[in-house]
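Q: pasting a predicted model and its sequence here:
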Amino acid sequence: MSLRAIPAIGVLALRFAAAIVTGGFVTAWFIVRSGKRPDPALLRLRCTGLTDVGTVLLAGIVTLTPGSTTIDLDLARGELLLHVLDGSDPAAVAADIRRHFERPLRLLFPARRSSR
């Protein structure tokens, strides 16, 4: 394990804990408030620069975060199919997942470049 991995683990753990808390509040707010309902959607998320283990961990993290669920995982394509509670802005959802979870996972599980 490299020295860069230790801070990445801490960052990932803190971001995951924060996502559970905020996701729980947002999900509860959607349930109890009156008026406009959330716009659920299916979203394909392409994972870049991750090993298969990193991609599986990303799928698990997304599923454990309230408001999102991994429906399918295609390791050959490096792609997740997600169900999100509020898919009104799919690009923002994808960017949020990449920024908060995929980046630190890339430090822990970087894809090896093939030498062809």
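A: The structure has been received and is ready for your questions.

Q: following the longest helix out of those in the chain, which helix or strand shows up next?
A: Among the segments of the chain that qualify as a helix by DSSP state H, the longest is helix 5-32. With elements assigned by DSSP states H and E, the helix or strand that comes after helix 5-32 is strand 41-46.

Q: what's the mean pLDDT across that next one?
A: Averaging pLDDT along strand 41-46 gives 96.

Q: in terms of secondary structure, what does that strand contact?
A: Strand 41-46 is packed against strand 79-84, helix 90-97, with contacts defined by 3 or more C-beta pairs under 8 Å, 6 or more residues apart in numbering; DSSP states H and E. Just so you know, the C-beta spots here come from the backbone N, C-alpha and C atoms, and that holds for glycine as well.

Q: so which of these gets nearest L73?
A: strand 79-84 (5.8 Å; C-beta to C-beta).

Q: show me which residues of the closest one are buried.
A: Buried positions in strand 79-84, judged by neighbour count with 16 or more other C-beta atoms under 10 Å: L80, L82, H83, V84.

Q: what is the mean pLDDT for that strand?
A: For strand 79-84, the mean per-residue pLDDT is 96.

Q: what of stretch 94-109?
A: On average, stretch 94-109 scores 93.

Q: hey, C-alpha coordinates of it in CSV?
A: Taking Å, rounded to 0.1, in the frame of the first residue of the first chain, the C-alpha atoms of stretch 94-109 are listed here in CSV:
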residue,chain,number,x,y,z
ALA,A,94,-22.7,11.3,-12.3
ALA,A,95,-20.3,14.2,-11.6
ASP,A,96,-21.0,14.0,-7.9
ILE,A,97,-20.4,10.2,-7.8
ARG,A,98,-17.2,10.6,-9.8
ARG,A,99,-15.9,13.5,-7.6
HIS,A,100,-16.7,12.0,-4.2
PHE,A,101,-16.1,8.3,-4.7
GLU,A,102,-14.5,7.4,-8.0
ARG,A,103,-11.4,9.7,-7.5
PRO,A,104,-10.3,8.3,-4.2
LEU,A,105,-11.0,4.7,-5.4
ARG,A,106,-8.8,5.4,-8.4
LEU,A,107,-5.9,6.1,-6.0
LEU,A,108,-6.6,2.8,-4.2
PHE,A,109,-7.4,0.6,-7.2
